[in-house]
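Asks: Provided below for reference: sequence and predicted model.
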Amino acid sequence: MHKVFVSYHHSNDQWYKEELVEFGKQHSIFVDRSVDTGDIPEEWTDQQIRRKVRDGYLRDSTMTVVLVGRETGRRKHVDWEIHSSMYDGSVNRRSEIVVINLPGISDDQFTAPHGDEEKRLLYPDITSWMHIDERAEYERRYPYMPDHIIDNLLKPDVKISIVPWARINERTLKFLIQAAFRYRLHCPYDLSRSMRRANS
């Protein structure tokens, strides 16, 4: 089974994280390797937290799933986790990323970078597709998306699937994780943006 790190806003979206992890476990899709509430001492400095996440949790995972809720894009820890997942370091290797928009968050917007198989499996009801190459349009469609994700949606060689929560089932989640895993070491991420210093 794949080892997956789930990045999410702990205060708002814990229920969805637990549901996803339980679903992945029940269907033998993935093993959870993410930080849970209470895993990291509150008194730690930002630098200690970054090091622990990067060299501990992410080192032991091959995939990152980002759960996007209303405040996800403004959380510094989520930003660090995404940046560290994209970074190909000596301790932890680069991970591929799948984004799941939680209910009420861009429910009718998605990307399918892994071709016709992804489109048929996840979106059999969609007959017309369009290409987006402007940041303003991505920001309009995904107003809560972390900046590091939008930076990379603009890169033609980067493949990040964005899927609404309602489209996740056993077959689709297996496909998304396997497709992303196959591509993870060939993804030339844009890491030019500095990491967030604070929540906003």
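Replies: Arrived safely. Numbers count the residues shown, from 1 in each chain.
Asks: how much space between the residue positioned nearest the centre of the chain and residue 126?
Replies: Geometric centre of the chain, nearest residue: residue 66, 2.7 Å, by C-alpha atoms, centre = their mean. Distance of residue 66 to residue 126, given as C-beta to C-beta, to the nearest Å: 22 Å. C-beta here means a position set from N, CA and C on the backbone, and glycine is covered the same way.
Asks: rewinding a little: identify the residues contacting the residue nearest to the centre of the chain.
Replies: Contacts for residue 66 (C-beta atoms under 8 Å, 6 or more residues apart in numbering) come out as 6-8, 72, 78, 81-82, 97-100, 146, 149.
Asks: what are the phi and psi values for it?
Replies: Phi and psi for residue 66, reported as degrees, to the nearest 10, are phi -100, psi 120.
Asks: cool, residue 7 as well?
Replies: Dihedral pair for residue 7: phi -100, psi 130, per degrees, to the nearest 10.
Asks: For it, which non-adjacent residue is closest in space?
Replies: residue 81 (4.2 Å; C-beta to C-beta, 6 or more residues apart in numbering).
Asks: Tell me if I am right that the one you found is in a strand.
Replies: No: assignment of residue 81 by DSSP: H, G, I helix; E, B strand; the rest coil gives helix, placing it outside any strand.
Asks: is it true that it touches residue 64?
Replies: Yes: applying C-beta atoms under 8 Å, one finds residue 81 in contact with residue 64, separated by 6.9 Å.
Asks: and those two? which has more neighbours close in?
Replies: Set residue 81 next to residue 64 and count neighbours by other C-beta atoms under 10 Å: residue 81 wins out with 29 against 26.
Asks: ok, now how distant is the more buried one from residue 34?
Replies: Taken as C-beta to C-beta, the span from residue 81 to residue 34 is 9 Å.
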